[in-house]
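Student: what follows is a predicted protein model with its sequence.
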Amino acid sequence: MSTPTLQPDVSAEVTQRRVPREPRRPRRRHRKSRLPYALIAPALVFMVFVHGLPAIGGFVLSLKKFNLFTFRQLFGAPWNGLENYRSILLDSDNPLHNGFWGAVSNTAVYTFWTVAGTLVLGMAIALLLHRKMRGQRIVRTLILVPWIVPSYVVAVLWSFMWQSDVGIVNKFLVDYTHLLGHRPVWLLGPNTMWAIVIPSIWRGIPLAVLIFLAGLAAQPQELHEAAAIDGAGPWRRFRHITLPLLRPLIAVQLLFGVIYAAYQFAIPTVMFGSNPGPDADLMMTFIVRQSFSNSLYGLGAAASTLLMLVMLVWVAVWYRAFRRDLEVT
Amino acid sequence: MRRKLATASWLVAAVLALVVAACGGSDNKSNTSTAAKSATNATALKKGTTVNFWIMPNGPQPQQDMEKTVAAFEQQTGVKVNVEVVGWDVQLDRIKNAAVSGQGPDVTQAGTTQVPFFAALGGFENLNDRISQIGGKGAYAPGVWQTTQLQGQDGTYAVPWFTEARAIYYRKDVLEKAGIDPATAFTDVNAFQQTLQTIKEKVPTIGGKPISPFGMPGKKAFDLVHHVMPFVWDNGGAELNDDASKSTINSTQAEQGVDFVAQLVKKGLFDKSMLERDGTQVENQFKGGRLAVWIGGPWVLSTIDRTDDKNWVAAARKNVGVAPMPAGPDGKAFTFVGGSNLMMFKSSQHKNEAWALMKYLSGDTVQKDYANLLSFFPARLKPQEEVGNSDDNHKAFYSAIKQGRTYAPIAQWGPIENAYKGRFGNILDSAAGQGKPFSEGEVKSELNAAAKEADALLQQGS
């Protein structure tokens, strides 16, 4: 496929002249490419120390018989192989086995409702606020308030609001609106799950609204106008234009929402103490209680490692599902 | 490629340098530990030495109260005491980390049930050679002294500091309206239950406001086990067997005790909304006039006369009565006795000065004054008796302390107590109609689970 050369000598000369230049090119490229490495080096070192080493340390401890009697030895504690993993995953005689699976199930339920609730309500509010109306700016500012309230304060406030006898929730549902004929107990039994899901959604909505509003503002208005002229109603326009264009933003919120919810600790702990009970014990409350209140550090480290692995799997699944959306973004 | 390797080597070198620096730190620690040992040999107190002292938030002004208390010691000895208040929410981790790292104060306050756990970590001084200077074991009640030990070891790892016990608080006006004699209202568990029943029937309101016969917090309270165990002990049950090698919380006697409390909820004598609250919130419900009977510690007594405690309503404030916990079917009455001890860190470089401070705080007068300030009881028998005889309410607490009982001094007690607390909480929730349906079988099942958890925790040390 090579083209015949009409002036081979000249070509050879050129080639000869070019030869010494060639090594310079990669050098220049190297010099250029060093800058990004230098720029990310501090972040990399920080990540290695703050995330990498502790994660590796945690994994090593999960393979040790590390409890209050071996606490002083730290990494010198006796090896326990995969026993910590076996006992919490498979050993039904281990009292923590049931607690672990209960926490896994609660975390899945909590994560589903929190993320779904936040995204659906966040989008609904964003769509409402996207319409032109009086006092739009004030409403948009006020909607952000729950987001700036720390989780600790959110949990304290809601724990008062949920009280069955004097809490505002029951006062509203029973005394003021008569929507219910009896006073539900929110802070005991199965309702404890809703007692943590609802404040979590309440706190998560402002960020979702903010992101969706930005996404809605960036959508080309002509598309909606053209669709309206073609006879598409609001629902069809939402389904076929708004929603697909917001997909990348939904993807990002889904990723962070699930990770954030799976690692939730503050709200159940502040609301219920170190043991939120069988209906609201999440993975993080379980891990922290077993590790630090009960000094079962090795078992706690094993449960943490398992949670981390599940999150890695989730990130991989998410990436496969939304890879194209990321490219669009 | 070479450059990449060079960059990677640089990073590895940086990591190693930091790790080596950290190891260097631990060498220094062992040097200071040697220095501390030699300092211990000296007997005279070094003037100008600073003793670092961690206390927990005892009373409304813990820092000022303690500084006032040690002012005389500082004057007498020339030793400065640096008081630091450490919150109850973080004290377990801070003391634990200080004990292990050797980076901590000289002396710390510790909850009586925490002492065996801390002692097992190995970072605390065995005070066996020094305790004769404060009167030794004989100067304290046996239950109180037991909190300084670690089962299976011949050592004294703490000095009792101040004591508390749980007793029954009641509203005198409510009992009067119900026609109940306070002297016999709470003598045994049957009388206790009958009193609550009578209040429920005869005094649903007082001063025009509704009042519940009884209430106590559920699993949200750190001290739920302290409130339930007296009923277990009353019935002849126990938390662990005699050599603390196995849980006995699922014994028939223990089950009867737990069931007694759960039945109060079931029968509507126990305001179930209190189960949603923590200890302080329920205390405030009593102060606010919503509860006729409540179980609490002596610290509430000092708040009765404090006008700045706005949680009290006038009717409750002027009608507080205290009675010892009720006796069980065989006539024996028990209550939980706890409080705080003082522990000396092994890593202290000023052990003599630290001991001098502990000795000073163990003085009869200092104990009495400080306990009065907090409305706790002194740990030592003599001042304890003096405070106990000061008025009727203190007398009730003093007799509660005499019938006091504490848990086995084992390192795993904290986690076991957590396991019991969770299960007791589930039982009370179930009795309140929340969670699994309440039945005898459900109580048994939860207590079996508690025993299984406790046994697994006891295995840790083996």
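Tutor: Okay, I see it.

Student: what residue in the stretch 101-250 of chain A comes nearest to chain B?
Tutor: Taking C-beta to the nearest C-beta as the measure, the stretch 101-250 of chain A has residue A:189 as its residue closest to chain B, at 2.9 Å. C-beta coordinates here come from the backbone N, C-alpha and C atoms, glycine included.

Student: isn't that residue right up against residue B:429?
Tutor: Yes - using C-beta atoms under 8 Å, residue A:189 makes contact with residue B:429 at a distance of 5.7 Å.

Student: any shared contact partners between the two?
Tutor: A:277, B:435 (C-beta atoms under 8 Å, 6 or more residues apart in numbering or on different chains).

Student: tell me which helix or strand in the chain has the weakest average pLDDT.
Tutor: I went with chain A, as the question did not name one. Ranked by mean pLDDT, DSSP states H and E, the weakest helix or strand in chain A is helix A:8-18, scoring a mean of 45.

Student: ah, no, chain B please
Tutor: Result, chain B / mean pLDDT, DSSP H and E: helix B:2-41, a mean of 39.

Student: show me what the next helix or strand after that one pairs with in its sheet, parallel or antiparallel.
Tutor: For helix B:2-41, the succeeding helix or strand toward the C-terminus, using DSSP states H and E, is strand B:50-55. Strand pairing for strand B:50-55, using DSSP bridges, gives strand B:80-85 (parallel), strand B:107-111 (parallel).

Student: show the subsequent helix or strand relative to strand B:50-55.
Tutor: Following strand B:50-55 in sequence, per DSSP H and E, is helix B:62-77.

Student: what angle do that next one and strand B:107-111 make?
Tutor: Angle of helix B:62-77 versus strand B:107-111, following axes from the mean of the first three to the mean of the last three C-alpha atoms, to 10 degrees, is 140 degrees.

Student: which parts of helix B:62-77 are buried?
Tutor: B:62, B:65-66, B:69-70, B:73, B:77 (16 or more other C-beta atoms under 10 Å in any protein chain shown).

Student: same question for stretch B:146-164.
Tutor: B:146-151, B:156-164.

Student: kindly report the same for stretch A:300-311.
Tutor: Buried, per 16+ other C-beta under 10 Å, within stretch A:300-311: A:300-307.

Student: please apply the same query to stretch A:253-265.
Tutor: Buried, per 16+ other C-beta under 10 Å, within stretch A:253-265: A:253-255, A:257-258, A:260-264.

Student: report whether that stretch contacts chain B.
Tutor: No - in terms of C-beta under 8 Å from any C-beta of the partner chain, no part of stretch A:253-265 sits within range of chain B; the closest distance is 14.2 Å.

Student: rounded mean pLDDT for that stretch, please.
Tutor: Computed over stretch A:253-265, the mean pLDDT rounds to 96.

Student: residues in contact with it?
Tutor: Stretch A:253-265 is contacted from outside by A:107, A:110-111, A:114-115, A:118-119, A:122, A:196, A:200, A:204, A:207-208, A:211, A:282-285, A:288, A:307, A:310-311, A:314-315, A:318, A:322, using C-beta under 8 Å, 6+ apart.

Student: taking those residues one by one, which sit in helices?
Tutor: A:107, A:110-111, A:114-115, A:118-119, A:122, A:196, A:200, A:204, A:207-208, A:211, A:283-285, A:288, A:307, A:310-311, A:314-315, A:318, A:322 (DSSP state H).

Student: just the buried subset of those residues, please.
Tutor: A:107, A:110-111, A:114-115, A:118-119, A:122, A:196, A:200, A:204, A:207-208, A:211, A:283-285, A:288, A:307, A:314, A:318, A:322.

Student: and the buried residues of stretch A:253-265, which is closest to residue A:37?
Tutor: Nearest to residue A:37 out of the buried residues of stretch A:253-265 is residue A:255 (C-beta to C-beta; 26.6 Å).

Student: and the gap between the closest one and residue A:316?
Tutor: For residue A:255, the distance to residue A:316 (C-beta to C-beta, to the nearest Å) stands at 11 Å.

Student: next: residue A:162.
Tutor: Taken as C-beta to C-beta, the span from residue A:162 to residue A:316 is 37 Å.

Student: more neighbours, the two?
Tutor: residue A:162 (24 against 10; other C-beta atoms under 10 Å in any protein chain shown).

Student: quick one: residues contacting that one.
Tutor: Contacts of residue A:162 by C-beta under 8 Å, 6+ apart are A:169, A:186-187, A:195, A:271, B:276.

Student: could I get these as TSV with distance to residue B:261 and neighbour count?
Tutor: Formatted as TSV, the contacts of residue A:162 follow (distance: C-beta to C-beta, whole Å; neighbours: other C-beta atoms under 10 Å in any protein chain shown):
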residue	distance to residue B:261	neighbour count
A:169	28	18
A:186	23	25
A:187	19	26
A:195	24	26
A:271	24	22
B:276	17	27
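
Student: flag every residue of the stretch 301-450 of chain B that's near chain A.
Tutor: Looking at chain A, the residues of the stretch 301-450 of chain B close enough under C-beta under 8 Å from any C-beta are B:411-412, B:414-415, B:418-419, B:421-422, B:425-426, B:429, B:432-435, B:449.

Student: excluding its backbone neighbours, what's nearest residue A:286?
Tutor: Excluding the flanking residues, the one nearest residue A:286 by C-beta to C-beta, 6 or more residues apart in numbering or on different chains is residue A:103, at 3.8 Å.

Student: ranges for the helices of the stretch 201-329 of chain A?
Tutor: Remark: helices assigned in the stretch 201-329 of chain A by DSSP state H, counting those that start in this stretch are A:221-229, A:234-237, A:243-262, A:266-272, A:283-288, A:297-328.

Student: and those: which comes nearest residue B:220?
Tutor: The nearest among the helices of the stretch 201-329 of chain A, by C-beta to C-beta, is helix A:266-272 at 6.0 Å.

Student: what does that closest one rub up against?
Tutor: Under C-beta under 8 Å, 6+ apart, the answer for helix A:266-272 is A:151-152, A:154-156, A:158-159, A:162, A:187, A:192, A:195-196, A:199-200, A:276, A:280-282, A:285, A:288, B:219-220.
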